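In: Have a look; sequence and predicted model below, questions after that.
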Amino acid sequence: MGKIVLNQVTKSFGDTQVIPPLDLTIEDGEFTVFVGPSGCGKSTLLRLIAGLEDVSSGSIEIAGREATQLKPAQRELAMVFQSYALYPHMSVRKNIAFPLKMAKMDKAEIDRRVESAADILNLTDYLERRPGQLSGGQRQRVAIGRAIVREPSAFLFDEPLSNLDAALRVGMRLEISELHKRLSTTMIYVTHDQVEAMTMATKIVVLRAGVIEQVGSPLELYNTPRNRFVAGFIGSPKMNFIEGALAAEHDAHCIGIRPEHIDVSATEGSIQGTINVSEHLGSDTFFHVNCEALNTTLTVRVDGEVGFNRGDTVFLTPKSDLIHRFDEQGLRL
Amino acid sequence: MARAVTTQRKLINTGLAWAIGLLIFFPILWTILTSFKSEGQAIADPPLFLFFDWTLENYAIVQERSDYGKYLMNSIIIAGGSTVLGVLIALPAAWSMAFVPSRRTKDILLWMLSTKMLPAVGVLYPIYLIFIELKLLDSHLGLTIVLMLINLPIIVWMLYTYFKEIPGEILEAARMDGASLKNEILYVLTPMAVPGIASTMLLSLILAWNEAFWTLNLTAAKAAPLTAFIASYSSPEGLFYAKLSAASTMAIAPILILGWFSQKQLVRGLTFGAVK
């Protein structure tokens, strides 16, 4: 039903091409996340799919239909905006019912669908309030409610959680994931937060300057990043990159080691260094270790609480089977 | 200690605000007071403030000598007409400039406003000649058009800033929700813009009501509004301050009352965009 195919799609604003020719297929029912640094074109790509921007060339197919020239409403997609974009002068009930009213659905069916959406999203008690009287999380749920009542062929989310505080964000992340399980409708989700991407996606599309760097499941991207950019972008804290002699030992221009793939010891190991900063989170500990021999600082992540502190000399040993190797162009070897 | 200073400063600020307010209001207050004096008391030296023989005589004479109702009606027709006409023209203009801006939009807006920098008398001669040619002198239609044109730049500017405040994402959401352009304007844009349109209309009404240059120069008797009614009492036969004051009070009363009851809306309108 909700399969979306982009075929050689480009987008230019004036003389600037923000999306060079791009192909992408999003299978029905997939939770696809577009992730990348700000300005990478991920929101533009979403707006092209939504029909809020016109493609400069190429074609878009939605649910088996040629959709390139269709208006946003005719594409049968629902979108949740970063600012929620609720209608401030309407009650929650009217906000959620708006797309159904526009579709000229009959009153009884509108009521039934609104009640059911409100029930799913825990909004039943707030139906008569105005958006201005709701908290950020509730507003976000209204925006989602407005999207789900239409039973669209796909949902589009444009950084929906970035206006929420950290605790609410985790909660809403779960809610959206559950919603996806429940509806099994195609979802496309744009974020710059790789944690959101890793936790929610069935498929991640990493973008940089309008170009798709890699498409894959979260673990594929984590285990076998195609290039240095993806390797550095996916995973938190960031992957360590080492060039020079140590990389040459592994027949590579550059090697990458994730912070969690390094053993720390007080007595023995392959790289000696001094702890510059130690961050104790309780569940795990991050050390930023200054390694003079490599002329760089390596980040190390250790489970639980470990008895090292700032200024201590430690020995680091990367797990050799988990080292990523890259050539001069930054491509995976 | 800090608290004492704050209280003192508060008192000074309040006193200052009242002083400035009274200074601005004083001419109006004096006009109203004078309208209740006899002609002799009106020019008394030293001036009489509150303790004089209050009389309604002037109002009776003014009412007898000239037809207040006719002038009032003309004012309502001209101010109301120019406001409605102006908003009807400004709405689509402001809408397109706010939501479909081009590279020249800012320039056009500035150019429109720049017409307000010209002294009105500079175009009196050509407009007067055009009015003679089109037989618009001393007509409701002519005056309505002129006042509409005078206020149009301000109306467009105000509506433009109101529309600018409506987030584009909400309109995009409406588009995603299947609203046609008509429904988008009807169900989303207009309800959100109504407070803005209302205060714009109010301001336009006040400006048109008080406009004296064009109303005095382009009317004689038939279409003369309340400004002409006041002016008719500063006549060559000598000034009669008390009667002039009574006429002025009668002329400004309707708009003063309207302004008083809608002051909240008006303040919001004038500070919109500046204060979020």
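Out: It's in. Numbers count the residues shown, from 1 in each chain, chains lettered A, B, ... in the order given.

In: how about the residue positioned nearest the centre of chain A, what does it touch?
Out: Compute the mean C-alpha point of chain A, and by C-alpha atoms, centre = their mean the closest residue is A:A197, 3.1 Å away. If a contact means C-beta atoms under 8 Å, 6 or more residues apart in numbering or on different chains, then A:A197 has A:33, A:35, A:189, A:191, A:204, A:218, A:234 as its contacts. Any C-beta I mention is one placed from the backbone N, CA and C, and that applies to glycine too.

In: and these as CSV, adding secondary structure?
Out: As requested, the contacts of A:A197 are exported to CSV (DSSP: H, G, I helix; E, B strand; the rest coil):
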residue, secondary structure
A:V33, strand
A:V35, strand
A:Y189, strand
A:T191, strand
A:I204, strand
A:P218, helix
A:I234, coil
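
In: May I see the ChimeraX selection of the buried members of these?
Out: Listed next is the ChimeraX selection for buried residues among the contacts of A:A197, using 16 or more other C-beta atoms under 10 Å in any protein chain shown:
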select /A:33,35,189,191,204,218,234
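
In: So which residues of chain A form helices?
Out: Here chain A has its helices, by DSSP state H, at A:42-50, A:92-102, A:107-120, A:136-148, A:166-183, A:194-200, A:218-223, A:228-233, A:245-249.

In: oh, I was asking about the stretch 1-150 of chain B
Out: With helices called from DSSP state H, counting those that start in this stretch, the stretch 1-150 of chain B shows them at B:2-35, B:39-42, B:57-65, B:68-99, B:105-114, B:124-134, B:140-165.

In: least reliable of those going by mean pLDDT?
Out: Of all these, the segment with the smallest mean pLDDT is helix B:39-42, scoring a mean of 81.

In: and that helix, what does it pack onto?
Out: Under the contact criterion of 3 or more C-beta pairs under 8 Å, 6 or more residues apart in numbering or on different chains; DSSP states H and E, the helices and strands touching helix B:39-42 comprise helix B:241-261.

In: who does the helix it packs on touch, helix- and strand-wise?
Out: Taking 3+ C-beta pairs under 8 Å, 6+ apart as the contact definition, the neighbouring helices and strands of helix B:241-261 are helix B:2-35, helix B:39-42, helix B:57-65, helix B:68-99, helix B:190-210, helix B:226-231.

In: Please repeat the previous calculation with a cut-off of 7 Å.
Out: Helix B:241-261 is packed against helix B:2-35, helix B:39-42, helix B:57-65, helix B:190-210, helix B:226-231, with contacts defined by 3 or more C-beta pairs under 7 Å, 6 or more residues apart in numbering or on different chains; DSSP states H and E.

In: which of the ones you listed sits most buried?
Out: Of all the helices and strands packed on helix B:241-261, helix B:226-231 carries the top mean neighbour count, a mean of 22, counting by mean count of other C-beta atoms under 10 Å in any protein chain shown.

In: helices or strands up against that one?
Out: Checking 3+ C-beta pairs under 7 Å, 6+ apart, helix B:226-231 ends up next to helix B:68-99, helix B:213-218, helix B:241-261.

In: All set now, cheers.
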